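Enquirer: Sequence plus the predicted model coming up.
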Amino acid sequence: MSNLPEAPAAMPTPEVIHLATRGSALALAQANQILAQCRAACPEFQFAIKIIKTTGDKNLTASLANPGALLPKGLFTKELEVALLNGEADLAVHSLKDLPTELPDGLKLGATPMREDPRDVLVFPTHKVGVFDGPLPELPEGATIATSSNRRKAQLLRLRPDFTIVEIRGNVGTRLRKVKEQPELHATVLAAAGLKRLGFTIEENGALAGDDVPEGIQTRFLTTEEMLPCVGQAAIGIETRENDPRIDAICDKLNHSETLVCVTAERAFLRTTGGGCSTPVAALAEIREATLSLRANSFIDDQFREFAGTGAAKDAAKLGADAAAALK
């Protein structure tokens, strides 16, 4: 009989939780942000990112701003949802503005971490600054603004009917170079949250700093009175399977309750209008002194309508639906 000590039992391999994401620079920045939060909140698990190419990534030439184009909902989310349903991933990290309000059977919005600044930013080269006695005074009369967002286009033209709006595609660096180098372009509009997550900073004098920023790029935050953001702007949505207590426990540690209430109102507004990410509507919900407020506008059928109302946090979905009904 051997007197050798028994070998210690093998330690179980920690379970790996997979986070599905698109492969764009912004998507990866957001996924890595959530990855860090997961690791801090749940050190008992291992977490890994799984990059999945979506329909929208494969069809970069599609015109997202063309109102006649029959673009499918879920352009940037469908393949991630398939991975969740197939068990290839456990959480999907989305820009919430891209996540349809109607989710496939078996999936749900599991968490929304704290929202970033939801405002838009006007971006323009200093050598193209003009003087205008009215809204957006930085830009000269008849300026050409580059944006592929129907929402931004409608709000810009309401402020300044003299503008010409043209499409622009590409990552942030590409857009900045186009606006700087193409003489016919005067400015573009970008999301403040996206700039921050990509590592760009807006200095006190308004100058934009960061990698791949051409010299002489100036910015100004647009107020939400000038430019109301799109539904869910600046929020990250974590989509999960229903009836998965293990993942629900993780999501409970990632969720920011006030953000969830606000985006619930906004998404109920969008769902009731029957629109998607390319529909020319905008909404922003905020909680102040325990009161939920919602502002929304619509440019559907080229008619401007707006709504402002308040309600209780528990009635967030009703407030959003009421806003949509008021704008019909």
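Expert: Received the coordinates, thanks.

Enquirer: Give the residue spans of the stretch 151-300 of the chain that score low on pLDDT.
Expert: Within the stretch 151-300 of the chain, not a single segment meets pLDDT under 70.

Enquirer: how about the strands of it, start to end?
Expert: 164-166, 187-191, 201-202, 208-209, 217-221, 236-241, 281-288, 291-298 (DSSP state E, counting those that start in this stretch).

Enquirer: Could I get the buried residue list for the first one?
Expert: Which is strand 164-166. By neighbour count on 16 or more other CB atoms under 10 Å, the buried set for strand 164-166 is 165-166. Every residue, glycine included, has its C-beta placed from N, CA and C.

Enquirer: and for it, what are the contacting residues?
Expert: Contacts with strand 164-166, where a contact means CB atoms under 8 Å, 6 or more residues apart in numbering, come from 142-147, 153, 156-157, 185.

Enquirer: gap between that strand and the chain center?
Expert: 23 Å (CA atoms, centre = their mean, to the nearest Å).

Enquirer: partners of it, with directions?
Expert: Sheet pairing of strand 164-166 (DSSP bridges) gives strand 144-146 (parallel).

Enquirer: Next: the fourth one.
Expert: Under the criterion DSSP bridges, strand 208-209 sits next to strand 201-202 (antiparallel) in its sheet.

Enquirer: what do you get for the last one?
Expert: Here the strand partners of strand 291-298, with direction, are listed using DSSP bridges: strand 281-288 (antiparallel), strand 305-311 (antiparallel).

Enquirer: List the buried residues for it?
Expert: Buried residues in strand 291-298, counted by 16+ other CB under 10 Å: 292-298.

Enquirer: distance between that strand and the chain's centre?
Expert: On the basis of CA atoms, centre = their mean, strand 291-298 sits 18 Å off its chain's mean C-alpha point.

Enquirer: coming back round to it: want to throw the contacts of strand 164-166 into CSV with distance to residue 24 and neighbour count?
Expert: Output for the contacts of strand 164-166, formatted as CSV (distance: CB to CB, whole Å; neighbours: other CB atoms under 10 Å):
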residue, distance to residue 24, neighbour count
142, 33, 12
143, 29, 22
144, 26, 18
145, 23, 24
146, 19, 21
147, 18, 21
153, 22, 20
156, 25, 26
157, 28, 16
185, 23, 21
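
Enquirer: and which of the residues you listed is nearest residue 223?
Expert: Comparing the contacts of strand 164-166 against residue 223 with CB to CB places residue 156 closest, at 13.6 Å.

Enquirer: The closest one against residue 187, yeah?
Expert: No - using CB atoms under 8 Å, residue 156 is not in contact with residue 187, being 9.5 Å away.

Enquirer: ok, back up a step: between the strands of the stretch 151-300 of the chain, which one is closest to residue 19.
Expert: So among the strands of the stretch 151-300 of the chain, strand 236-241 is nearest, using CB to CB, at 8.5 Å.

Enquirer: need the strands of the stretch 151-300 of the chain in TSV with distance to residue 272, can you?
Expert: Output for the strands of the stretch 151-300 of the chain, formatted as TSV (distance: least, CB to CB, whole Å):
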stretch	distance to residue 272
strand 164-166	27
strand 187-191	24
strand 201-202	35
strand 208-209	37
strand 217-221	30
strand 236-241	19
strand 281-288	10
strand 291-298	10
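
Enquirer: Quote the end-to-end distance of stretch 85-102.
Expert: In stretch 85-102, first residue to last residue: 15 Å (CA to CA, to the nearest Å).

Enquirer: Report the buried residues of it.
Expert: Neighbour-count burial for stretch 85-102, counted by 16+ other CB under 10 Å, picks out 89-101.

Enquirer: list the contacts for residue 154?
Expert: Residues near residue 154 by CB under 8 Å, 6+ apart: 280, 299, 304.

Enquirer: let's see 6 Å
Expert: By CB atoms under 6 Å, 6 or more residues apart in numbering, the residues touching residue 154 are 280, 299.

Enquirer: mind listing the helices for the stretch 51-200 of the chain?
Expert: 55-58, 78-85, 150-159, 172-181, 192-197 (DSSP state H, counting those that start in this stretch).

Enquirer: Identify whichever of those helices lies nearest to residue 266.
Expert: Once the helices of the stretch 51-200 of the chain are compared by CB to CB, helix 150-159 is nearest, at 12.7 Å.

Enquirer: how about the CA coordinates for that closest one, as CSV?
Expert: Output of helix 150-159 as CSV, limited to C-alpha atoms (Å, rounded to 0.1, in the frame of the first residue of the first chain):
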residue,chain,number,x,y,z
ASN,A,150,-33.1,61.9,-40.4
ARG,A,151,-33.7,63.1,-36.8
ARG,A,152,-30.7,65.5,-37.0
LYS,A,153,-31.6,66.6,-40.5
ALA,A,154,-35.1,67.6,-39.5
GLN,A,155,-34.1,69.5,-36.4
LEU,A,156,-31.3,71.3,-38.2
LEU,A,157,-33.6,72.5,-41.0
ARG,A,158,-36.2,73.6,-38.4
LEU,A,159,-33.5,75.8,-36.8
